[in-house]
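1. Need the 3D shape of this:
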Amino acid sequence: MEKRRFALIGTGNRGTTMWGKDLLAGWREHVDLTAIVEKNSLRGERARNMICSNAPLYENIDSMLAEQKPDLVIVCTPDHTHDDIVVRALESGIDVITEKPMTTSVEKIRRILDAEKRTGRRVDVSFNYRYAPTAAKIKELLNAGEIGRVTSVDFHWYLNTKHGADYFRRWHAYTENSGSLFVHKATHHFDLLNWYLDSDPDAVTSFADLQNYGRKGPFRGPRCKLCPHAHECDYYLDLEADPFLDSLYEDPSKIDGYFRDGCVFREDIDIPDTMVVSLRYRNNVHVSYSLNTFQPIEGHHLAFNGTKGRIELRQYEAQPWEEPKEDTILLIRNFPDGKEAVERIVVPHFTGGHYGGDDRMRNMIFKTDMEDKLAQRAGTRAGAMSVLCGIAALTSSRTGKVVNIADLMPELANDGSPNSLRTSR
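-> A predicted model of the protein is given here:
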């Protein structure tokens, strides 16, 4: 089997682990890392050592493309930079895998879609949540019509004070970089909804505010390591206690000035930390969604209401009590007709990131004999539609208006795809 020669672009946590060390460890028969691109030379060198690779390092993509000519590039840079890299790779005749979100604005979406169409190359978007065994099981139940026609969905995501705060320490805390968490984080959730419902969102309305981080904080400092309030701050991060992060970011910060332990109370943070959204889909499903970023728990609650019943899940990821290492999906029937009124479907937690979702996604992309029965492999249309949901939600929260997806990007909302035209399940 011929290996795919790939270049890794960006060596943050995700690039170094998921698409670096872990990819080579489990899929070495399918891929060969031929180059690493990282503008911070020291971070690149340390990441290369962590990946256990001797691939050449480059500080810019053009030099790498000219010398290495890979078959594939994997993009793990900050969100707002994705489009330039993706388009440059496509125009060089190279396929792309990009971390989510695909990009951050309507104009950037257009650039990527146009380049993919012009070049005939392929872009995969890293929507690993589709591959998690529990998500796959829910998709199977919906496809089988177990609860009839879906009419509404309740979807609420909780980030705890460790995970949620981390977005406000880093570059994500600025809309120009991440599009806000409506785009960066919720792109996963909007994509799951689009995939589960097999339809496109039509109209979006939202409320959002900054209620805990940023200017709402009681004090602030230059960064955690130098902060005079370290002893009293609930969000203090001791970077030296994490050898991985300390090695990847502390010394390299002398080159680019990027601190991994930025103050979560910086006054110029401009993204919301508390978000609620209502979505109406083209198949007339109504969705209530929320994202909260400073909870004592981590996980989500998801429920599908249908004409014949309800599917419900409470997934526990972290909480101050013990939970079984498994998920329990409740399939609740309106009219059992000899079946169980409540069927409890237990899905074990598998090893690997996202309960095995990361491994299954890499299998789908790199193993050519994989059958995509649930349409889990996501391309640019899925990437674009999830970003449009986030853009619409952020716009609605700032204007107080309902935002129609077709007004943001009419050519995608009416492109003739089965999703955009579907009116019923």
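
2. Quick one: low-confidence residue ranges for the protein.
-> 1, 416, 418-425 (pLDDT under 70).

3. residues contacting Arg220?
-> His229, Cys263, Phe265, Arg266, Glu267 (Cβ atoms under 8 Å, 6 or more residues apart in numbering). C-betas here are computed from N, CA, C, even on glycine.

4. From those, pick the one nearest Thr81.
-> Closest approach between the contacts of Arg220 and Thr81, by Cβ to Cβ: Arg266, at 21.3 Å.

5. From the contacts of Arg220, list just the buried residues.
-> Listed as buried from these are His229, Cys263, Phe265, Arg266; burial here means 16 or more other Cβ atoms under 10 Å.

6. helix or strand for the last one, which one?
-> Yep, that's Arg266 we're talking about. Assigning secondary structure by DSSP states H and E places Arg266 outside every helix and strand.

7. Pull up the gap between it and Tyr213, please.
-> 8 Å (Cβ to Cβ, to the nearest Å).

8. So for those two, which residues contact both of them?
-> Shared contacts of Arg266 and Tyr213, counting by Cβ under 8 Å, 6+ apart, come down to Phe168, Ala173.

9. What ranges does the stretch 251-400 of the chain have for its helices?
-> 253-256, 357-366, 380-399 (DSSP state H, counting those that start in this stretch).

10. what about the spatially closest residue to Asn292 that is not a sequence neighbour, neighbour count?
-> In space, Asn292 comes closest to Tyr158 once its chain neighbours are excluded; the distance is 5.5 Å by Cβ to Cβ, 6 or more residues apart in numbering. Other residues near Tyr158 come to 23 when the count uses other Cβ atoms under 10 Å.

11. contacting residues for Tyr158?
-> Counted by Cβ under 8 Å, 6+ apart, Tyr158 has contacts Asn292, Gln295, Ile297, Glu298, Gly299, His300, His301.

12. Need the three-state assignment for it.
-> Taking DSSP: H, G, I helix; E, B strand; the rest coil as the rule, one finds Tyr158 in the strand state.

13. 44 is where my numbering starts, stick with that
-> OK, 44 is where the count begins now, so the last one is Tyr201.

14. what pairs with it across the strands?
-> Per DSSP bridges, the residues bridged to Tyr201 are Asn335, Gly342.

15. gap between it and Tyr332?
-> Counting by Cβ to Cβ - Tyr201 and Tyr332 are separated by 12 Å.

16. got the contacts of Arg263 as JSON lines, with distance to Thr120 columns?
-> Output for these, formatted as JSON lines (distance: Cβ to Cβ, whole Å):
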{"residue": "His272", "distance to Thr120": "32"}
{"residue": "Cys306", "distance to Thr120": "23"}
{"residue": "Phe308", "distance to Thr120": "26"}
{"residue": "Arg309", "distance to Thr120": "22"}
{"residue": "Glu310", "distance to Thr120": "26"}
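
17. quick one on the thing from earlier: show me which of the buried ones among the contacts of Arg263 is closest to Asp380.
-> Phe308 (56.7 Å).

18. can you tell me the helix or strand for Ala50?
-> With DSSP H and E as the criterion, Ala50 is inside strand 47-52.

19. residues of stretch 428-448 that come out buried?
-> 428-440, 446, 448.

20. Actually, stretch 236-250.
-> Buried residues in stretch 236-250 (16+ other Cβ under 10 Å): 236-249.

21. Next: stretch 108-119.
-> Of the residues in stretch 108-119, those buried (16+ other Cβ under 10 Å) are Leu108, Gln111, Pro113, Asp114, Leu115, Val116, Ile117, Val118, Cys119.

22. picking up where we left off before, out of the contacts of Arg263, flag the one nearest to Gly136.
-> Gly136 has its nearest neighbour among the contacts of Arg263 in Arg309, at 42.0 Å by Cβ to Cβ.

23. who does whichever strand or helix holds Asp245 pair up with?
-> Assigning secondary structure by DSSP H and E places Asp245 in strand 244-252. Its sheet considered, strand 244-252 pairs with strand 317-324 (antiparallel), strand 446-447 (antiparallel) by DSSP bridges.

24. Touching, Val320 and Val247? I think so.
-> Yes - Val320 is in contact with Val247 according to Cβ atoms under 8 Å; the separation is 6.4 Å.

25. hey, what's in contact with both of the two?
-> With Cβ under 8 Å, 6+ apart, Val320 and Val247 have common neighbours Ala436, Ser439.

26. For Gly222, see how far away the residue lying farthest from the centre of the chain is.
-> Distance from the C-alpha centroid of the chain, by Cα atoms, centre = their mean, peaks at Gly381 (40.9 Å). Noted for Gly381: a distance of 49 Å to Gly222, by Cβ to Cβ.

27. immediately after the helix or strand harbouring Ala132, which helix or strand?
-> Per DSSP H and E, Ala132 falls inside helix 125-134. Using DSSP H and E, the next helix or strand after helix 125-134 towards the C-terminus is strand 138-141.

28. hang on, Thr317 packs against Ala251?
-> Yes - the pair Thr317 and Ala251 qualifies as a contact (Cβ under 8 Å) at a distance of 6.6 Å.

29. neighbour-wise, which of the two wins?
-> Using other Cβ under 10 Å, the more surrounded residue of Thr317 and Ala251 is Ala251, with 22 against 17.
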